[in-house]
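Visitor: sharing a model that was predicted from the sequence below.
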Amino acid sequence: MPATTQMLAAVKEGAGSVPVVFVNISDPVGTGFVDKLARPGGNITGFTNFEYGMGGKWLQILEEIAPQVTRVGLITNPKNPNTALYERAIEASSSLRLLTLPVNNAGEIERAFDDFARESNSGLLVMPDPLTISHRELIITSAGRNRLPTAYPYRLFAASGGLFSYGTDRVDLYRRAASYVDRVLKGANPGDLPIQQPTKFELVINLKTAKALGLSVPLQLLGRADEIIE
């Protein structure tokens, strides 16, 4: 069950006509894996994990928690084909100053955080990508050291000390994907199974991190949170 765009590309190349059910792919149509969401065609179907418009939601929550922020950096993997689509959606939803900070490895991540923090009233959005997930401890530590309010796409970031996360409930996504695997094993044609979009999202706020950054989380926002880490 491929769970990244890069993984799905590799599986598609070698799978031939073998049925494939993916999970956690942002834009299967735009990246050319399937023809349509309603009727993917071919031998691939699965579950998307994000809508690009969610970038606006990350910014909205960041502004609620850290209203002093006027400048936002986007931590991105330049090799991810979805990066530009996220950037366009985020730019369309905000009047804040936005800067793209492409990173390829740990050294570039540290430099990006240190350089960006030199200007006051700055915050960050971390884009969903295997690179940012694998370096999440470094990213969270760098954000704390530089006192940068930072938004994250997955719960595991907030659970590891990130300020807050808003994103797909990944457990629910895999649970739903299992039903498609079952249908394919029983003879269903993947090309006839519509691409499914996420239905459950979760907002997780880490109050300990907010306090360390000198931020007071509004009660209204706390009331909307699915989980509060203290």
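Guide: Cool, the structure landed. Numbers count the residues shown, from 1 in each chain.
Visitor: give me the pLDDT value at the residue nearest the centre of the chain.
Guide: Residue closest to the average C-alpha location in the chain (C-alpha atoms, centre = their mean): Pro128, at 3.1 Å. Predicted confidence (pLDDT) for Pro128: 88.
Visitor: distance of Ala66 relative to Leu148?
Guide: Here Ala66 is placed at a distance of 9 Å from Leu148 (C-beta to C-beta, to the nearest Å). All C-beta atoms are positioned from the backbone trio N, CA, C, and that covers glycine.
Visitor: try Asp114
Guide: From Asp114 over to Leu148 the distance is 10 Å, taken as C-beta to C-beta.
Visitor: circling back to that earlier point, thought the residue nearest to the centre of the chain was touching Pro153?
Guide: Yes: here Pro128 reaches Pro153: they are 4.0 Å apart, a contact under C-beta atoms under 8 Å.
Visitor: tell me, what's touching the two both at once?
Guide: Counting by C-beta atoms under 8 Å, 6 or more residues apart in numbering, the residues touching both Pro128 and Pro153 are 50, 167.
Visitor: picking that back up, residues touching the residue nearest to the centre of the chain, list them.
Guide: 26, 49-50, 153-154, 167.
Visitor: in strands, which of these fall?
Guide: Among the contacts of Pro128, the residues falling in strands (DSSP state E) are Gly167.
Visitor: following the longest helix belonging to the chain, which helix or strand shows up next?
Guide: Secondary structure of the chain per DSSP state H: the longest helix is helix 170-185. Per DSSP states H and E, helix 170-185 leads on to strand 201-206 as the next helix or strand towards the C-terminus.
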